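Q: Sequence first, predicted coordinates after that:
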Amino acid sequence: MGSQYPETGRGSLPAKDVGRLLLRCDDRPGLVAAVSAFLAGAGANIVSLDQHATEQSGGTFMQRTIFHLPGLTAARDELERSFAREVASKFDMDFRLTEAAKPKRVAIMASKEDHCLLDLLWRNRRGELDMSVVMVISNHADLADQVRPFSVPFLHVPSTKEIRHEAEQRQLDLLKGNVDVVVLARYMQILTPNFLTEVGCPLINIHHSFLPAFIGAAPYRRAKERGVKLVGATAHYVTEDLDEGPIIEQDVVRVDHRHNVEDLARLGSDVERLVLSRAVLWHCEDRIIRFGNQTVIF
């Protein structure tokens, strides 16, 4: 099972002076050579290089390169400008250059269900997720006491259909410019297209994988009535098309006639925790490149 997923964590590799370069462009000869030559010319040592082309020729090329460069923090901005000028412009590349030593700033949005929220906070406290959780925003106050032991600010922003505009504006005031990614940990409110445009960072959502067969309320009861044999979860990036953004991770667990509705819900919650934590980890480790409505995960 483990071989199906990217290896996680940095292992023995120190984060200091380690950079991550992700890129995407039309495939053509010379791409790997150009990137490698640029990094070597800058004094960097390539630690790992993963690549994928969608076709043998004429497709889209994607690459994730991990490199070590002494003094990276001081050199980063100029390195980025030089790469854009000397390589990216030549090949019409979309690219992203990050430092492994700078954890992503993460905001978690939740409602009343605690399993995904508390799992992310717990894994982060244990050092399993390399991120900095800067705030938890919830449209209910129910989870405030459970979040408090993690020393993360809990911000209650009530949101209903009648005050959605005001609530989203308050959320945007908190988020814009302050976070690198927003995680919807069972946040049970629909976000408007304006919010998605204005927030200025990716959003990751988690939901049960009965969609679209059992949409709406009580999906586990309806699944039990239908006699499902699998319970699953899907983590994806949020787009204006509800629950149809690029899929990051999915998993399932087998069930049978002996499981009641409560069993299905419990097993579903377990899968949701695992799937969401993997998706957040891979995003924070810069392992994901979006390609249309799909993702490539290195």
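A: Done, it's in.
Q: Over to residue 277. Which of the three states is it?
A: With DSSP: H, G, I helix; E, B strand; the rest coil as the basis, the three-state label of residue 277 is helix.
Q: cool, and residue 65?
A: strand.
Q: so who does it touch?
A: Counting by CB atoms under 8 Å, 6 or more residues apart in numbering, residue 65 makes contact with 20-22, 35, 39, 46, 48-50. C-betas here are computed from N, CA, C, even on glycine.
Q: tell me the domain boundaries of this structure?
A: Using automatic domain parsing, the domains assigned to the chain come out as 2-99, 104-297.
Q: As JSON lines, the contacts of residue 65 with distance to residue 190, secondary structure and pLDDT would be great.
A: Supplementary listing: the contacts of residue 65 in JSON lines, determined by distance: CB to CB, whole Å; DSSP: H, G, I helix; E, B strand; the rest coil; pLDDT from 0 to 100:
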{"residue": "20", "distance to residue 190": "33", "secondary structure": "strand", "pLDDT": "98"}
{"residue": "21", "distance to residue 190": "36", "secondary structure": "strand", "pLDDT": "98"}
{"residue": "22", "distance to residue 190": "30", "secondary structure": "strand", "pLDDT": "98"}
{"residue": "35", "distance to residue 190": "41", "secondary structure": "helix", "pLDDT": "98"}
{"residue": "39", "distance to residue 190": "43", "secondary structure": "helix", "pLDDT": "98"}
{"residue": "46", "distance to residue 190": "44", "secondary structure": "strand", "pLDDT": "97"}
{"residue": "48", "distance to residue 190": "40", "secondary structure": "strand", "pLDDT": "96"}
{"residue": "49", "distance to residue 190": "40", "secondary structure": "strand", "pLDDT": "96"}
{"residue": "50", "distance to residue 190": "36", "secondary structure": "strand", "pLDDT": "97"}
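Q: which of those residues count as buried?
A: 20-22, 35, 39, 49 (16 or more other CB atoms under 10 Å).
Q: Out of the residues you listed, flag the one nearest to residue 67.
A: Sorting those by distance to residue 67 puts residue 39 at the head of the list, at 5.4 Å, by CB to CB.
Q: Restricting to C-alpha, output stretch 124-133 in PDB.
A: Included here for stretch 124-133 are C-alpha records, laid out as PDB according to Å, rounded to 0.1, in the frame of the first residue of the first chain:
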ATOM      1  CA  ASN A 124       0.700  19.200  13.300                       C
ATOM      2  CA  ARG A 125       1.600  19.200  17.000                       C
ATOM      3  CA  ARG A 126       3.300  15.800  16.600                       C
ATOM      4  CA  GLY A 127       5.400  17.200  13.700                       C
ATOM      5  CA  GLU A 128       3.700  14.900  11.100                       C
ATOM      6  CA  LEU A 129       2.500  18.000   9.100                       C
ATOM      7  CA  ASP A 130       5.100  20.600   8.200                       C
ATOM      8  CA  MET A 131       2.900  23.600   8.400                       C
ATOM      9  CA  SER A 132       2.000  26.600  10.600                       C
ATOM     10  CA  VAL A 133      -1.600  26.700  11.600                       C
END
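Q: what residues does that stretch touch?
A: Outside of stretch 124-133, the residues that reach it under the criterion CB under 8 Å, 6+ apart are 9-10, 103-108, 120-121, 123, 150, 152, 277, 280-281, 284-285.
Q: From the contacts of residue 65, pick the one nearest residue 62.
A: residue 22 (7.8 Å).
Q: and the gap between that closest one and residue 99?
A: Separation of residue 22 from residue 99 (CB to CB, to the nearest Å): 13 Å.
Q: Now find how far off-centre the helix or strand where residue 236 lies is within its chain.
A: Assigning secondary structure by DSSP states H and E places residue 236 in strand 230-237. Per CA atoms, centre = their mean, to the nearest Å, the displacement of strand 230-237 from the mean C-alpha position of its chain is 13 Å.
Q: So which bits of that strand are buried?
A: Buried residues in strand 230-237, defined by neighbour count with 16+ other CB under 10 Å: 231-237.
Q: How about stretch 267-284?
A: Those would be 267-284, for stretch 267-284 by 16+ other CB under 10 Å.
Q: Do you have the strands of the stretch 1-150 of the chain handy? List them.
A: Taking DSSP state E, counting those that start in this stretch as the criterion, the stretch 1-150 of the chain carries its strands at 18-26, 45-53, 60-68, 94-99, 104-110, 131-138.
Q: Which elements pack onto the second one?
A: Yep, that's strand 45-53 we're talking about. With contacts defined as 3 or more CB pairs under 8 Å, 6 or more residues apart in numbering; DSSP states H and E, the packing partners of strand 45-53 are helix 31-41, strand 60-68.
Q: Much appreciated, bye for now.
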